[in-house]
Every structure is written in C-alpha cells, then in structure tokens.
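Trainee: Below is the structure, and that's it, no one-letter string:
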C-alpha cells in the first residue's frame, strides 16, 4: 500500500519544541551526570560539546533533511528515495529493522521512566525523607524486586505516551510539547537556582568547566562522543519522521544547530543542578548509574525543603522521559497510520498494549527472571532480556543507523539535492557540512560502534 504524506508542523516554533523534546530525555539528566562524574568533569564536558558540533549537528541535519526529502515515515522515505534519488530498494529493509528496534528500545525506556514516576510519587509522599546510604540503596532495590510496582509505573507511563500520540501531530504532539518543554527548562533552571543558594556551586562550576587534562584518555573521548550521539537519538529514524513534518521554509542546518545546542544546554543545566548538591553533602560524583536513584535521595533527605526539591527533580525526569517517548512511538505509529486503513487512535492503543507486554521482559529482568541469561557466548554472555535489548539498540542499531544516515546524505544523495533541501546555504556552510558528514561523523560513530562491541 502506498504511504500517504503525513501532516506538517503548524509552525517552525512547534517543530523546534517537539524536536528538542525528542532529544532531551533521561540521557541528558541521568546518564550525562554520571558519565561526567566518572570521567573527571571538565575534560568530558569539553569533548562532549565538541562532539555535538562535529558529529551531532551534521548527522542530525542529515536525518532531518532525508526526512523532509522523502516526506514520509522512515520506511516510506527510503522508498521515495529509492524511486527518485538512486537509493537501492534494499535500503527499505534498514527502515523496517529500525522501526522494530525503536519499538524494542521504547519498551525498556518506558520501564526506566516508570522508576522516575515511582520516585516522584514517593517523594511527594515524603517516603524519601531522611534516607541514609543503606536505606537509599534498600529503597531502590525494593523497587527492582517488586514487579508489581514496576509494572504500575511502566503502565501509567505507557498510557500517557499512547494518549498523546493518539491525538495526532497537532492536537497531541504539538499541544503537549508546548507546555512540557517550557516546564522542563523552568524546573531545570529552578533546581540550578536552588543549587546556587544551598550547594557548593563554585566547586561544581570548576568541576564541570575547568578541564583536568590528566583525565583526558581515549575512554573519555569515546564516552563523550557516545553520550552526544545517544542523547540526540539519531540513527533510528525518529528525527527523520519529525523532519517529514517539517515545513519547506524551515532551515535544516539552523534547526539542527538549535536542537543540538538545546540538548547540550539541558545537560549543562542538569550538571549544575546536581553536582553542587553532590559536593555539598560530601558525595562522590563518580557514583555511576546509581547517582540519581541511590545517591541523590540521600542529599534530598538532608537538605532544607529536600522532600519538595527531590519530588521536583524526579518530576523533571518524568517530563524529560515523556517528551522523548512520544517521539519514539510517533515514528512507529506514523508509518502504520499511513499504510493501513485503521485510525491513529486504534493503532496507538494496540501499539501501547504490545509495548507494555514487551516491556514486561525488562521488568522481570530485575526480579523474577534476573537469572535468565539465554546466551553463553561472546558479548551476549550473561545478559538478561533487558541487557539484550539494550545491547541491540544502543550498541548495534543506533551506531549503524547513524553511519547509514551519513552515507545516504554524504555519498548517495547528489550535492545539488542536498543544497536544495538545505535551502541553498552559503558555499562554506555546505562544504563544511559535506566534509563532516562524509568523513568526520561516520568515523566518530564508527569508533563508538567498535568500542561498544569490545
């Protein structure tokens, strides 16, 4: 069945809000802070910002450009490009694999987002007040041991995601991001303000923005480039789908720069909100993934008004997760709506049910099926169901997708076509972008891919 052209964003402003919402998620607040803590702060931040410039913006612009060129979902756009721009028809197979991969990534993303929802409710209820190191770890472990609690958080989050996507692009996505994105940045700024008054803000500034070059290692570079790549969510067709809704008057390169800058800004604000509190209460910034769920609640329990601040912080995580999850689900639903006779509402509901059921595999990976590791060889050895999904999505699908997007934009589409879609930018801009998308970005993503396989 021929795929129909999807609706357009009502304005460039709403397109940018939605795209920024897609990129700003748990990775910016949760993963960025613990990676920056583990890799020495300033030097990691510097490389991270550089990677947004030389890798993030070029690939993001390529994905948006490809989406607008095809004007359809991931699969539909690749079909259009194969018929019109010389792309081999087999490229559509990558589009279908990506769509399945996005669904699997979303299935475990909703589970982790459910944790933030659980912590938000328990924070507002005062259950996280006055935690010490032992009780904070115990509280987190109790959540993971309870499949019922995890299923409830996951279920509520899936329902919220499905509800927004079911309403459509303008009634659902646009209306939701029009208040969620300002709310997200208002909460971030408020938390930074609180950290300035009550935390070791000067120490945090020095930690984040004064590079300690003794910490500069190949692992730091790979971690920073990997964080920039994964936080933007490029390579799996989500931004391609948003690009398909983009008006013809929107400047792709400028939009990619604004989106990447906003993504980096959210990460910087998250660090400035978290690290002053970490230093004020003598905690270690190198706590790893447990920094958010096991370490920060200790500080929230000790600080003045910490119960409310903690609840506000976890509410921030919920909003960030939701703005990303709706973009992931939209990239799937958009294709199904355009190629079937069923309504968007029915497709969204069915997709939500399947999504919740699939997510149970991740839920049970932390309790009932934590010892179920089906593979005993290579990099898959010892991985639970959740570990396998994460490995497939993060280590394989996204990096390969990022390289393929760069190949399409840099090597397959003619330069004249790229100039047309980029609205005829200055020669220096198109030449720099072409150089980055052909050589620098694929090499950077390739290094991330190879390091993840090791």
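Mentor: Structure received. These numbers were taken from a predicted model, which means no experiment stands behind them.
Trainee: looking at the chain, which helix or strand does the model trust least?
Mentor: The least trusted helix or strand in the chain, going by mean pLDDT, DSSP states H and E, turns out to be helix 290, with a mean of 75.
Trainee: Just after that one, pick out the following helix or strand.
Mentor: helix 296-302 (DSSP states H and E).
Trainee: elements contacting that following helix?
Mentor: helix 133-145, helix 252-280, helix 306-339 (3 or more Cβ pairs under 8 Å, 6 or more residues apart in numbering; DSSP states H and E). Any C-beta I mention is one placed from the backbone N, CA and C, and that applies to glycine too.
Trainee: Quick check: mean pLDDT of the helix or strand just after the shortest one?
Mentor: Yep, that's helix 133-145 we're talking about. Next helix or strand after helix 133-145 toward the C-terminus (DSSP H and E): helix 147-166. In this model, helix 147-166 carries a mean pLDDT of 96.
Trainee: and residue 94, what does it touch?
Mentor: 78, 401, 404 (Cβ atoms under 8 Å, 6 or more residues apart in numbering).
Trainee: the helices in the stretch 351-454 of the chain, which residues?
Mentor: With DSSP state H, counting those that start in this stretch as the criterion, the stretch 351-454 of the chain has helices at 385-390, 398-407, 415-421, 427-435, 441-453.
Trainee: before we move on, what about the stretch 101-250 of the chain?
Mentor: 133-145, 147-166, 175-198, 201-209, 218-232, 238-244.
Trainee: ranking those by burial, who's on top?
Mentor: helix 238-244 (a mean of 29; mean count of other Cβ atoms under 10 Å).
Trainee: Which strands and helices lie in contact with that one?
Mentor: Counting contacts by 3+ Cβ pairs under 8 Å, 6+ apart, helix 238-244 packs against helix 12-23, helix 57-70, helix 74-84, helix 306-339.
Trainee: circling back to that earlier point, closest one to residue 55 among the helices and strands packed on helix 296-302?
Mentor: Closest to residue 55 of these is helix 252-280 (Cβ to Cβ; 9.7 Å).
Trainee: Out of the helices of the stretch 101-250 of the chain, which gets nearest to residue 323?
Mentor: So among the helices of the stretch 101-250 of the chain, helix 175-198 is nearest, using Cβ to Cβ, at 5.5 Å.
Trainee: Am I right that residue 131 is in contact with residue 299?
Mentor: No - the criterion here is Cβ atoms under 8 Å, and residue 131 misses it with residue 299 at 9.3 Å.
Trainee: how near is residue 409 to residue 243?
Mentor: The spacing between residue 409 and residue 243, counted by Cβ to Cβ, to the nearest Å, is 12 Å.
Trainee: ugh, wrong one, I meant residue 195
Mentor: Distance from residue 195 to residue 243, by Cβ to Cβ: 36 Å.
Trainee: hang on, the earlier thing: closest one to residue 96 among the helices and strands packed on helix 296-302?
Mentor: helix 306-339 (9.1 Å).
Trainee: ok and that closest one relative to helix 12-23, angle-wise?
Mentor: Helix 306-339 and helix 12-23 are oriented at 110 degrees to each other (axes from the mean of the first three to the mean of the last three Cα atoms, to 10 degrees).
Trainee: relative to helix 252-280, how tilted is helix 306-339?
Mentor: 150 degrees.
Trainee: Need the phi and psi values for residue 246.
Mentor: Dihedral pair for residue 246: phi -80, psi 130, per degrees, to the nearest 10.
Trainee: and if you look at residue 283?
Mentor: phi -90, psi 160.
Trainee: Likewise for residue 39?
Mentor: Dihedral pair for residue 39: phi -110, psi 30, per degrees, to the nearest 10.
Trainee: and if you look at residue 212?
Mentor: phi -100, psi 100.
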